[in-house]
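**Q** this one's structure only:
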């Protein structure tokens, strides 16, 4: 049976992927050229193009694999991914950067098993719910297996630490359990059991405390944990309605930490303004609602997998977008604190912590930073 791709989903996915390649180059060219480690303005563009090609090949391959074959292989793939997430935490095997240990090195490329877990968990839960459709309301046979594998993944992610992806997996699991017909009593009981652990984390885990404090009052922590959010808000506010123009943004010039990854949305907002930001958010909305519109009438495994992947993708984008606006707590506060400390010495920064002494960020750069802080607050 040949399944024709939905033109809206395929078209929007292709457009956002191509736009992402363009913006990665825009946001990273200057910093990549000035870093001692790279000295190559197209360093991150080349890496993004490689992953773009890998993603394209994977998409074409996945579209030709029958879903029942994916079902048969999803359990061992999930187990392998859990093992990789454990290996990430072992010094000497996992690669650490920015205060977190999340990567495995594969030659010139790096891999985050935690990111792959988002997709794999959605497929695993879809397989589980379709196989146990008549037992999903049973706590031991339906609810417990789903929560167990999700809980293991969340714990391993929290140990890296990777709070944002942990939250995405929790939301994904809750949404799919609810869609599968899990009784609300079971969902509510897990939520109540999690409250003491969340309370302990909020009041006793240092990096979570710092992150919440910076989220509640970023201006008060502008020289440390709140640095990233303040720079993000300045970039977004500076863009106005139409933006400064593609390539004309200034916040990517060593003000936004990792401007080509987590902080790329503020770069888009500064250069393309409110109009560009709305177009990006509209693209995510089209993917969400068009994806959900295609699900009714499908087989259970197709409904669950399609709905889970759809929610995972859009939830991730929403959380990152809200984090850049200060609606929810963002991530990467350690990198932001390191970034500010390097500002005070008048140097740029290297992704892995090496200073770049030839970066033109002396007293004038620091004065400009304080000026933009005042402008953004005003």
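**A** That came through, no problem. Because the structure is a prediction, the values reported are computed rather than measured.
**Q** pLDDT weak spots in the stretch 151-300 of the chain?
**A** 204-207, 297-298 (pLDDT under 70).
**Q** can you give me the helices in it?
**A** For the stretch 151-300 of the chain, helices defined by DSSP state H, counting those that start in this stretch occupy the ranges 163-180, 184-204, 206-216, 227-238, 264-293, 300-325.
**Q** among these, show me which one is buried the most.
**A** helix 227-238 (a mean of 25; mean count of other C-beta atoms under 10 Å). In this view, the C-beta of every residue, glycine as well, is placed from N, C-alpha and C.
**Q** tell me the spacing between residue 244 and residue 273.
**A** 8 Å (C-beta to C-beta, to the nearest Å).
**Q** how about residue 133?
**A** Computed with C-beta to C-beta, the distance linking residue 133 and residue 273 is 48 Å.
**Q** same question, residue 192
**A** The gap separating residue 192 from residue 273 is 44 Å, by C-beta to C-beta.
**Q** again, but for residue 69
**A** Residue 69 is 46 Å from residue 273, where distance means C-beta to C-beta.
**Q** ok, now residue 89?
**A** From residue 89 across to residue 273, the span is 42 Å (C-beta to C-beta).
**Q** got it, and residue 52?
**A** 26 Å.
**Q** ok, now residue 30?
**A** As judged by C-beta to C-beta, residue 30 and residue 273 stand 20 Å apart.
**Q** one more: residue 154?
**A** The spacing between residue 154 and residue 273, counted by C-beta to C-beta, is 37 Å.
**Q** over to residue 91?
**A** Counting by C-beta to C-beta, the gap from residue 91 to residue 273 is 45 Å.
**Q** residue 96 too?
**A** 37 Å.
**Q** same question for residue 189.
**A** Distance of residue 189 to residue 273, given as C-beta to C-beta: 46 Å.
**Q** do the same with residue 281
**A** With distances taken as C-beta to C-beta, residue 281 is found 13 Å from residue 273.
**Q** please report phi then psi for the spatially closest residue to residue 263 that is not a sequence neighbour.
**A** Closest residue to residue 263 in three dimensions, ignoring its sequence neighbours and counting by C-beta to C-beta, 6 or more residues apart in numbering: residue 256, at 4.3 Å. Backbone geometry at residue 256, expressed as degrees, to the nearest 10, gives phi -90, psi 120.
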